[in-house]
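*Asks:* A predicted structure for the sequence below; I have some questions about it.
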Number of protein chains: 4
Amino acid sequence: MHFASDNTGPAHPRVMDALIRANDGYRMPYGADPEMDSVRDRIREIFEAPDAAVYLVATGTAANSILLATLAKPWQTIFCAPHAHIHEDECGCPELFTGGSKLTLVYGAEDKLGASALKEAIEAEETRGVHGFQRGPVSITQATERGTVYSLDELRSLTGIAKSYDLPVHMDGARFANAMASMGCSAAEMTWKSGVDAVSFGGTKNGLMGVEAAVIFDPELAWEFELRRKRSAHLFSKHRYLSAQMAAYLESDLWLGLARKANAACARLTRGLKQIPEVTMLFEPQANMIFADWPRAAHQRLHDAGAQYYLWAGELDGDDPDAPLTARLVCDWSATDESVDRFLELVRG
Amino acid sequence: MHFASDNTGPAHPRVMDALIRANDGYRMPYGADPEMDSVRDRIREIFEAPDAAVYLVATGTAANSILLATLAKPWQTIFCAPHAHIHEDECGCPELFTGGSKLTLVYGAEDKLGASALKEAIEAEETRGVHGFQRGPVSITQATERGTVYSLDELRSLTGIAKSYDLPVHMDGARFANAMASMGCSAAEMTWKSGVDAVSFGGTKNGLMGVEAAVIFDPELAWEFELRRKRSAHLFSKHRYLSAQMAAYLESDLWLGLARKANAACARLTRGLKQIPEVTMLFEPQANMIFADWPRAAHQRLHDAGAQYYLWAGELDGDDPDAPLTARLVCDWSATDESVDRFLELVRG
Amino acid sequence: MHFASDNTGPAHPRVMDALIRANDGYRMPYGADPEMDSVRDRIREIFEAPDAAVYLVATGTAANSILLATLAKPWQTIFCAPHAHIHEDECGCPELFTGGSKLTLVYGAEDKLGASALKEAIEAEETRGVHGFQRGPVSITQATERGTVYSLDELRSLTGIAKSYDLPVHMDGARFANAMASMGCSAAEMTWKSGVDAVSFGGTKNGLMGVEAAVIFDPELAWEFELRRKRSAHLFSKHRYLSAQMAAYLESDLWLGLARKANAACARLTRGLKQIPEVTMLFEPQANMIFADWPRAAHQRLHDAGAQYYLWAGELDGDDPDAPLTARLVCDWSATDESVDRFLELVRG
Amino acid sequence: MHFASDNTGPAHPRVMDALIRANDGYRMPYGADPEMDSVRDRIREIFEAPDAAVYLVATGTAANSILLATLAKPWQTIFCAPHAHIHEDECGCPELFTGGSKLTLVYGAEDKLGASALKEAIEAEETRGVHGFQRGPVSITQATERGTVYSLDELRSLTGIAKSYDLPVHMDGARFANAMASMGCSAAEMTWKSGVDAVSFGGTKNGLMGVEAAVIFDPELAWEFELRRKRSAHLFSKHRYLSAQMAAYLESDLWLGLARKANAACARLTRGLKQIPEVTMLFEPQANMIFADWPRAAHQRLHDAGAQYYLWAGELDGDDPDAPLTARLVCDWSATDESVDRFLELVRG
């Protein structure tokens, strides 16, 4: 019963196999490995973007922050949701890599950037000439940090606003595959066809050891990205081990398969939870993450049985066994029906 | 015949095995994996430093630059050799992570920081009050970028100068193991017992896929290092895969064994080259790297036979078959006697 | 009728006289002028802080941002009001000088930091370990950007919260003198006796050409401030001209006299406006600044008569003559009773 | 006998008069004062550059560093002489404002950038792909920090090299006027007609209280400069006092007149020194600065008589009265024939 995060589970066996295979013999370093050539080709194919710049890094924070630094000027502010990873969980990496950009928090829906809130936030900037920050990129997280997914309409509405102010759009796709699997659209539709300029295409949370692709649709930005990657120490000498993971991930659409597995486990868990009267869902889960309340006593049962997950609000210690505490549950590709069912049993009591 | 770099060869099979083992089941993320506990313990043991702060990152540039940022203030200059990796090969990562430090190049020996040159360089700073940079850390590369090794006396002489100005000392140990294997001293002797405050303890060039340990002997700096690692995007979520590599590396002193293999191959190559009259050694190889001149015609033979190495000076294309061109040859743990001997044969012609 | 800003009016004649006097003969540069010695002594006297570090810079943004960089680490967030100058009007100078700090906006009262909002904002940080920003300085603007003044009780309540988390407190005193004149307390009471650690003591808006003093009560931070001032290009070679202005400002409490004049003009304007039924005050003016609404037609009359001030909300162009538009009116020391009365006449119509 | 620096003397009376005049009445802030319009027009006229962007700041370090940040990318290195102000006397301001650029020191002549050394230094960069810094601006100091002046041929030779690599050229003109007065060429000839892209046009060392103009010949860079000026806190609210100084400086070519006075005093001093057998000149003074050796005993006489200047090498305390010590003598516009002659008398003994 491991629902703490999609970064606590194992990498997929095919990924490990690919690593072993890639370990054979010699390769030119720093991305000049032939594995990277295939990866680049395959990602361009998947995204239907034959000119896209494609690079690998090992952490999601690196992908996000180097991309944002490539898209933003130091005197520009980046528009994002208050719960965006770039704001809450990167300890200032975007600020460091951009050279001092600000993040303007757009308060809208609990889980998403809202179109009108975004427009308002953009309008509120550049009202003070040289004295204030200038408008910069819009960053959208897909799937969201709350387990929901922007529809294509929602995406286009946001990017349309960005475009009307001539602002570039970044997509934090740490859970890109889960969103794709949920939406059933193409990678191109979810990105450049919907007005996205650059994507952090995540692999780490979805069965890799630690690889993310940065995909930039305007190849003019490629060299700047490369320099920024190097000077932030994210260019790997033995790059083949990143390439090999990503190659395995893309091979036969493993990435989509794993995301579908994670989403399916999440759906099974959701269905089960909804049938339990004491459970309240906070959001409608659309990918691989659930936020839900249930009574403390049930949390205690889960805890005693060794279930792993984070309490989002409330504390296990407390007098009132009926008090609702909020759980965050994340399913990765390795979640089993058994662990889901056992978990549900324990919630039911 | 792969002598291009110690980052083009494979990882050691025991490292791959450890990865496979570590991939089993669930682990807490971000360094809270039990593998990291063993790594920390073992490194403290090896360094005889029970309080040392120990962290893992994936690239040597990250280890160097985060350590330097932890040791230096933005208005301090870092003293290093002109051929130091931090100056030549990190595209400004130290400058970025420190917030604008300068690197003061200490011109001394061709391969090493010289004691008197260092003293002179330190004396030349802080002569202009608030107008000039202030004196900051001294960074020493061991083994050097030229394949030589500082003796303990040389190290102590440099750190003694640093200490007399109250400056911290950083050791870039991308080839730490090769230096250790060459010197036959202990890790403690080569570091804190000789006045070194923080070490980049390399693994990537010596049989790992990509892991370096940052070791800081003053635990007071630990939290700052952690924050700087996170905000430069070098904290891994699935950290166990770094830990597992490093654990295998330390297990039964694999790290020293691999370095001894690399150094032995280099020694065999050196012995062979020295017997060839047309060859001139530029430095006396003490670790796993050789710089040597020989006639163009021989380079052409090697090239045609597929030997991999970099020309340090001169170009293969040219009229004069006798013109000496400089090769840089690097041996890693996987270099075989056969490839060394075949290489020598080709030089001989 | 110049009410656009306190930076559009002239410097006081005694300041200009002091400049002329200071221009006689030679002085050592970079703050080694004897005028600076008197300034330092006098400011220490005024603040009853014999050990305070005292430095001069030429802009308020410099004073604020260098002080904040001295108080904050790059991974700390600075707590301030959404309308703080450091957030809205410094185009990222705090972000640049700190090396990437964030500003956490504390939403409370319209004009002030609220104690409970501050506590809540501080509590909301450092909930994510190394992933999120760490808590940093609290910055308070006195007088506020809305023309009001924190009482000593309010100040102590805010600094008490900061202290309970061990956070330093910065005061943006661009209108320090206006606040003092309004409160009738001592400079020490408004600062260190109330828990403030460092102050931007403004002169530019109150009769100087362009000088602000940075006052730091912990002399341990002095040298860091000096280095940060120099490396941001705010150390003046011909420093005597800053010193001379500040010396004249402090002489016979000119600074308080000028602030009293500005506040008196503002009070006269306030009294007059309150008597006009069409006028609505947005805040209770306590220093030298008024925010008030009145009908468009009256704004038009003022505009036609050449009155200078900014419309805070609404636009002069429009159909409805009765629509209320918000004015921001700022009085400096040079505002005359005549100009105030003429202005009121025009509002009345 | 004040020869310590050109920043220890008074501002010119016409400058002070202009300040007094500018202090009358109200002006729009932040450079919207009408005085700035005239300054802009006049500087464009002087430089024969009708489209040039022209901005004022208060310190030479600000002018240099903001310009360099506008011309350079963070991953580019700036080529300059080892004795350049931007390297020795700005405590890392270029590094801070650029976001981490390096300064590559070009060792050539003792006082100047040498053409072949520059070419060699440029060639030595960009030899390591993404790993090393990329080539960035060339910065030339005119007049040099050693009191000499680049001829137009020398300038063109340097800028020609820069242009052949497509690198922009910055001129640190802290003593621009002294160089112009010495060369008898036009401002356009000394700058854009000779391949200079941006100039720090100094006033502070030549009779102003503290104003430098930043002149950029490519107006496309104007807005970036403005943003960088603001976010480094160098945009003045009461900007008219900068404008007024600069306007007086330009009026009737006061700037050239003052520089001629300073140069003439320096020439008189030079002539006198050359006639003294014990004196050795280190450079041929071409502007307002002299480096020369003479015996300790003569230095002692000067010291006892209150002469102000810096010892560049050697110390006054010492046993040997005949030992040569090096003086740096700087003449500003206010240096008198009497003080020069008295100084020479004392050297003679």
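*Replies:* Done, it's in.
*Asks:* How far off centre is stretch A:317-325?
*Replies:* The chain centre lies 32 Å from the centre of stretch A:317-325; the measure is CA atoms, centre = their mean, to the nearest Å.
*Asks:* Give me the distance between the two termini of that stretch.
*Replies:* For stretch A:317-325, the separation between the terminal residues is 11 Å (CA to CA, to the nearest Å).
*Asks:* Then stretch A:48-56?
*Replies:* Using CA to CA, one end of stretch A:48-56 lies 18 Å from the other.
*Asks:* Of all the residues in it, which ones are buried?
*Replies:* A:A49, A:A52, A:A53, A:V54, A:Y55, A:L56 (16 or more other CB atoms under 10 Å in any protein chain shown). In short, each C-beta sits where N, CA and C put it, glycine included.
*Asks:* who touches it?
*Replies:* A:31, A:36, A:39-40, A:43-44, A:186-188, A:192, A:211-219, A:221-222, A:225-226, A:229, A:236, A:239, A:242-243, A:246 (CB atoms under 8 Å, 6 or more residues apart in numbering or on different chains).
*Asks:* per-residue confidence for the spatially most central residue of chain A?
*Replies:* Among the residues of chain A, A:A174 comes closest to the average C-alpha position under CA atoms, centre = their mean, at 2.0 Å. At A:A174, the model reports a pLDDT of 98.
*Asks:* count of neighbours near the residue nearest to it when sequence neighbours are not counted?
*Replies:* Nearest non-adjacent residue to A:A174, counting by CB to CB, 6 or more residues apart in numbering or on different chains: A:G202, 4.1 Å away. For A:G202, the count of nearby residues is 26 (other CB atoms under 10 Å in any protein chain shown).
*Asks:* which residues touch A:G202?
*Replies:* For A:G202, the contact set (CB under 8 Å, 6+ apart) comprises A:G60, A:A63, A:G173, A:A174, A:R175, A:F176, A:A177, A:E212.
*Asks:* which ones among those are found in helices?
*Replies:* Of the contacts of A:G202, the ones assigned to helices by DSSP state H are A:G60, A:A63, A:F176, A:A177.
*Asks:* Drop anything exposed from those residues.
*Replies:* Buried members of those, scored by 16+ other CB under 10 Å, are A:G60, A:A63, A:F176, A:A177.
*Asks:* Same list (these) but as TSV, adding distance to chain D.
*Replies:* As requested, these are arranged in TSV below (distance: CB to the nearest CB, whole Å):
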residue	distance to chain D
A:G60	22
A:A63	17
A:F176	26
A:A177	29
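*Asks:* Filter the buried residues of stretch A:48-56 down to the ones in strands?
*Replies:* Judged by DSSP state E, those include A:A53, A:V54, A:Y55, A:L56 as members of strands.
*Asks:* Now do the worst-scoring helix or strand of chain A on mean pLDDT: which elements does it pack against?
*Replies:* Within chain A, confidence by mean pLDDT, DSSP states H and E is lowest for strand A:310-313 among all helices and strands, at a mean of 94. Using 3 or more CB pairs under 8 Å, 6 or more residues apart in numbering or on different chains; DSSP states H and E, the elements in contact with strand A:310-313 are strand A:324-330.
*Asks:* Which elements pack onto the strand it packs on?
*Replies:* strand A:289-295, helix A:296-304, strand A:310-313.
*Asks:* by contact count, what packs against the second one?
*Replies:* Other helices and strands packing on helix A:296-304, by 3+ CB pairs under 8 Å, 6+ apart, are strand A:324-330, helix A:337-348.
*Asks:* how far out from the middle of the chain is that helix?
*Replies:* Distance, centroid of helix A:296-304 to centroid of chain: 29 Å (CA atoms, centre = their mean).
*Asks:* could you check the angle strand A:289-295 makes with it?
*Replies:* Going by axes from the mean of the first three to the mean of the last three CA atoms, to 10 degrees, helix A:296-304 is angled at 120 degrees with respect to strand A:289-295.
*Asks:* In helix A:296-304, which of the residues would be classed as buried?
*Replies:* A:R296, A:A298, A:H299, A:Q300, A:R301, A:L302.
*Asks:* Test my guess that the last one contacts A:L346.
*Replies:* The one in question is A:L302. Yes - using CB atoms under 8 Å, A:L302 makes contact with A:L346 at a distance of 4.8 Å.
*Asks:* Overlap of the contact sets of those two?
*Replies:* Common neighbours of A:L302 and A:L346 (CB under 8 Å, 6+ apart) are A:M1.
*Asks:* Specify the beta-bridge partners of A:V138.
*Replies:* A:F79, A:V169 (DSSP bridges).
*Asks:* number of nearby residues for it?
*Replies:* 29.
*Asks:* That one and A:A222: what is the separation?
*Replies:* 21 Å (CB to CB, to the nearest Å).
*Asks:* what do you get for A:T141?
*Replies:* 24 Å.
*Asks:* Of those two, which one has the most company?
*Replies:* Applying other CB under 10 Å to A:T141 and A:A222 shows that A:T141 carries more neighbours, namely 27 against 16.
*Asks:* Now do the residue of the stretch 1-150 of chain A found nearest chain D, the pLDDT please.
*Replies:* When scored by CB to the nearest CB, the stretch 1-150 of chain A has A:G99 as its residue closest to chain D, at 4.1 Å. Here, the pLDDT recorded for A:G99 equals 98.
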